[in-house]
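A.B. asks: Return a 3D structure for these sequence lines:
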Amino acid sequence: MALAAYMYDSSSGQKWFSFKGPGGSVTERAVFESKARRAAADRLGCDESELICTDITPVKIYYK
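C.D. replies: Down below sits the predicted model:
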């Protein structure tokens, strides 16, 4: 029986950043929060200062 294991994708260093703003919630994948924040603001149609970062999760690779 094979067990599923996960490993942090250290080669890219990317993370999932979740933001909440006046236009709703969105999750962006990036290395830095600032880049993810800009993309989230564009998607939600608001200013970057209006966003609240609610979660940061490392991108993982799954092996079986």
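
A.B. asks: which residues touch Gly21?
C.D. replies: For Gly21, the contact set (CB atoms under 8 Å, 6 or more residues apart in numbering) comprises 40-41, 44, 46, 50-52. For the C-beta atoms, the positions are set from N, CA and C on the backbone; glycine is no exception.

A.B. asks: Lys20 now?
C.D. replies: With CB under 8 Å, 6+ apart, Lys20 has these contacts: 51-52, 54.

A.B. asks: Local confidence estimate at it?
C.D. replies: At Lys20, the model reports a pLDDT of 97.

A.B. asks: Now do the buried residues in the strand or helix carrying Phe19.
C.D. replies: Per DSSP states H and E: Phe19 is located in strand 15-21. Residues of strand 15-21 classed as buried: 15, 17-21 (neighbour count, 16 or more other CB atoms under 10 Å).

A.B. asks: Just grab the bridge partners of the residue positioned nearest the centre of the chain for me.
C.D. replies: Note on the chain: the residue nearest the mean C-alpha position is Trp16, at 1.9 Å, using CA atoms, centre = their mean. With DSSP bridges as the criterion, Trp16 is bridged to Arg29, Thr57.
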